[in-house]
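Novice: Any chance you can model this:
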Amino acid sequence: MLGAILVILIILAITGYLPVMGLTIPNVVFLTLNNHPITLWNVLIFLVVIWAIEILPRPFREIAMVLLAVWVLSVIGIIAVSGLSNLLVVVIVIGIIFSMVNTRRW
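Specialist: Just a heads-up that it's a prediction; the model follows:
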């Protein structure tokens, strides 16, 4: 199940930031907070990350929740570091991969 969530998260991240030829998905802006648009891709990635956090084991869940809070603050524009939201999504994906590798050994 965690593998499926990881694939969905990677597909959403790639299609949200890179245009795919032949696939036109509208980039709908739901609302604007602090002059930062909250788009459909931001909401979808947020929902998939919440879904992944529910499945992660305890120490990874706590770390992912902190990263999620920082990601939300960077998307909203409270933490103004260029590219931080993209970097945090990549870190969450790496954490999910590490969790999958770590749990398969046992």
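Novice: quick one: the helices in this structure?
Specialist: Ranges of helices within the chain are 2-17, 40-55, 58-76, 84-105, based on DSSP state H.
Novice: Would you format those as CSV with mean neighbour count and mean pLDDT included?
Specialist: In this view, the C-beta of every residue, glycine as well, is placed from N, C-alpha and C. CSV is the format used below for these (neighbours: other Cβ atoms under 10 Å; pLDDT from 0 to 100):
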stretch, mean neighbour count, mean pLDDT
helix 2-17, 15, 76
helix 40-55, 17, 82
helix 58-76, 16, 81
helix 84-105, 15, 74
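Novice: Which of these sits closest to T32?
Specialist: For the helices of the chain, proximity to T32 was assessed by Cβ to Cβ; helix 58-76 is nearest, at 10.0 Å.
Novice: Could you export that closest one as PDB, CA atoms only?
Specialist: Taking Å, rounded to 0.1, in the frame of the first residue of the first chain, the C-alpha atoms of helix 58-76 are listed here in PDB:
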ATOM      1  CA  ARG A  58       5.700   5.900  14.500                       C
ATOM      2  CA  PRO A  59       9.100   7.600  14.200                       C
ATOM      3  CA  PHE A  60       8.700   8.300  10.500                       C
ATOM      4  CA  ARG A  61       5.100   9.500  11.100                       C
ATOM      5  CA  GLU A  62       6.300  12.200  13.500                       C
ATOM      6  CA  ILE A  63       9.100  13.400  11.200                       C
ATOM      7  CA  ALA A  64       6.700  13.500   8.300                       C
ATOM      8  CA  MET A  65       4.200  15.500  10.300                       C
ATOM      9  CA  VAL A  66       6.800  18.100  11.000                       C
ATOM     10  CA  LEU A  67       7.900  18.200   7.400                       C
ATOM     11  CA  LEU A  68       4.300  18.500   6.300                       C
ATOM     12  CA  ALA A  69       3.800  21.500   8.600                       C
ATOM     13  CA  VAL A  70       6.900  23.200   7.200                       C
ATOM     14  CA  TRP A  71       5.700  22.400   3.700                       C
ATOM     15  CA  VAL A  72       2.300  23.900   4.300                       C
ATOM     16  CA  LEU A  73       3.900  27.000   5.800                       C
ATOM     17  CA  SER A  74       6.200  27.300   2.700                       C
ATOM     18  CA  VAL A  75       3.300  26.900   0.200                       C
ATOM     19  CA  ILE A  76       1.300  29.600   2.000                       C
END
